[in-house]
Each structure stands twice: as C-alpha cells, then as structure tokens.
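K.L.:
would you be able to build a 3D model of this:
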Amino acid sequence: MTGKVTGIQPYGAFVALDDDTQGLVHISEITYGFVKDVSEFLSVGQEVEVKVLEIDEAAEKISLSIRALQERPAATRKKDAPPRKSLQDRVDESDANGFNSLKDKLQDWIEQSGH
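P.N.:
Alright, predicted model coming up:
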C-alpha cells in the first residue's frame, strides 16, 4: 500500500493512506538496524510503501511498517572472528572465581547470615 509522509516525530512518521486515513510508522518499523533520527530516512511529502500491522478501532490508530516490506539483512560476521563458544563450553571453562562457584558462595552467604 502506498502512502505519503505527512509528519515526522522523534518516535516515528505519520503516513496518510488516503484523504481520511492516517497511520503511524514507529521508528522501529522504518528499517532494519538502528534509527536514531527519523528524518535521515524519511521526509514530509515522500511517498512510501507501507504494510498495515494493526488497526485499533477503539483508539482509532493504525500501525504501519516500512521494514516489513524490506528483505531482512543476512547476519554479518567478520571473516576472521573466531567461532563463538556455546554456553556449556563457557560454563565448563569457568574457574573457581567464575560461574561454577556460585553454589558454594551461596552456601557461604547463607551460613554468614546466621540461617
């Protein structure tokens, strides 16, 4: 569905779908990735393709998304980065000061508190 940006706010952009209907594209629905400033991506008067996410008839609000019509970017990873270790590998590698000693520390704390 095509709409026209009618207003920009720090939290998103208002888009007119026709003469009587307007919805909001929340800042999180503009594009994949982090959007700090809506006006870096959209401008008043710009025509945009949007998808209707939700219609709240009671509140007379329409939630729109531009991002939903975009292809999700593939997860990027540095070629030289070592593979991440699983949680179990990290727990197994813990030393006496790490995660594995929590049970012992908890017992010490209980004894120190006098219970």
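K.L.:
longest strand in the chain, please.
P.N.:
strand 2-9 (DSSP state E).
K.L.:
the helix or strand that comes right after that one pairs with which strands?
P.N.:
For strand 2-9, the following helix or strand on the C-terminal side (DSSP states H and E) is strand 12-16. Counting by DSSP bridges, the strands paired with strand 12-16 are strand 2-9 (antiparallel), strand 22-26 (antiparallel).
K.L.:
please identify the most buried of those strands.
P.N.:
strand 22-26 (a mean of 21; mean count of other C-beta atoms under 10 Å). (C-beta placed from N, C-alpha, C; glycine too.)
K.L.:
what sits up against that one?
P.N.:
Strand 22-26 is contacted from outside by 3, 6, 11-17, 42, 48, 50, 52, 61-66, using C-beta atoms under 8 Å, 6 or more residues apart in numbering.
K.L.:
quick one: mean pLDDT for the strand or helix carrying residue 108?
P.N.:
For residue 108, the host element (DSSP H and E) is helix 102-112. Averaging pLDDT along helix 102-112 yields 77.
K.L.:
for that helix, C-alpha coordinates in CSV please.
P.N.:
Output in CSV follows, covering the C-alpha atoms of helix 102-112 (Å, rounded to 0.1, in the frame of the first residue of the first chain):
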residue,chain,number,x,y,z
LEU,A,102,28.0,-19.7,42.7
LYS,A,103,26.6,-22.7,44.6
ASP,A,104,29.5,-22.7,47.1
LYS,A,105,29.3,-18.9,47.5
LEU,A,106,25.5,-19.1,48.1
GLN,A,107,26.1,-21.7,50.9
ASP,A,108,28.7,-19.4,52.5
TRP,A,109,26.4,-16.4,52.4
ILE,A,110,23.6,-18.4,54.0
GLU,A,111,25.9,-19.5,56.8
GLN,A,112,27.2,-16.0,57.3
